[in-house]
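Asker: Take this sequence and fold it.
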Amino acid sequence: MAAPQISEIDVLKKSLRRKMAEYRQGLSSENEEKLRGFLLKEILAQPAQKIAAVWPLAEEVDLRPLCHALSEAGRQVLLPETTPKGSPLIFRRWTPSSSMIAGRFGTSHPEGEIEVPDLVLVPFLAFDRSGYRLGYGGGYYDRTLAALNVPAIGFGFAGQQIDAVPTGPYDIPLKTIVTEYGVLQTDNPKSL
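Answerer: Numbers count the residues shown, from 1 in each chain. The predicted model follows:
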């Protein structure tokens, strides 16, 4: 069996992922607090009631305080369960008293009922002004956003902005990006 072909885009993305992972290691908890504050304000300005958030992995923005704040504000919080490769994510309802279960790739998800979000929060390692983001390489969020066709908000730090994210045919741009400095609206007509 032949080895899979590695494209130039794959090589660029891999190098960029490594660089951005290193960048995030130097950020302070104060930056995370600011980011969560802008993110909460942006979410509460939306009519969405079922918000798909993220339970953090090491080195990721910790959205657990945001999940609690959304729950206190009367919004439903859904967390992703990482499905087999090639499938979109599924989302399970979370409450502050939910038990968490270990999932694939070091993730955790609640035991709650499977629900469909009407707003998805999307983490990234890098982003550009056109709304394209660099994820971890599994394509989970692009498949999920394509399947759900609901608004999405990307979140990360301003220092993760680059001139142009290397993109492939299945990459979906985001209309809204939130950083520790505020909310950016992109002008890409293809964005969600």
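Asker: who's in contact with residue 184?
Answerer: Neighbouring residues of residue 184 by Cβ atoms under 8 Å, 6 or more residues apart in numbering: 129, 176-178. C-betas here are computed from N, CA, C, even on glycine.
Asker: same thing with residue 11?
Answerer: With contacts defined as Cβ under 8 Å, 6+ apart, residue 11 has no neighbours.
Asker: ok but it is inside a helix, no?
Answerer: Yes - assigned with DSSP: H, G, I helix; E, B strand; the rest coil, residue 11 falls within a helix.
Asker: Identify, from the contacts of residue 184, the entry nearest to residue 160.
Answerer: Using Cβ to Cβ, residue 177 comes nearest to residue 160 of those, at 9.6 Å.
Asker: Relative to the whole chain's centre, how far out is the helix or strand hosting that closest one?
Answerer: Assessed by DSSP states H and E, residue 177 sits inside strand 176-179. On the basis of Cα atoms, centre = their mean, to the nearest Å, strand 176-179 sits 11 Å off its chain's mean C-alpha point.
Asker: who's in contact with stretch 157-170?
Answerer: By Cβ under 8 Å, 6+ apart, the list of residues contacting stretch 157-170 reads 9, 12-13, 16, 20, 23-24, 27, 31, 35, 61, 124-130, 132-134, 139, 142-143, 146, 171, 179-181.
Asker: Kindly supply the ChimeraX command isolating those of the residues you listed that are buried.
Answerer: Buried residues within the contacts of stretch 157-170, by 16 or more other Cβ atoms under 10 Å, are selected in ChimeraX with:
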select :13,16,20,24,27,31,35,61,124,125,126,127,128,129,130,132,133,134,139,142,143,171,179,180
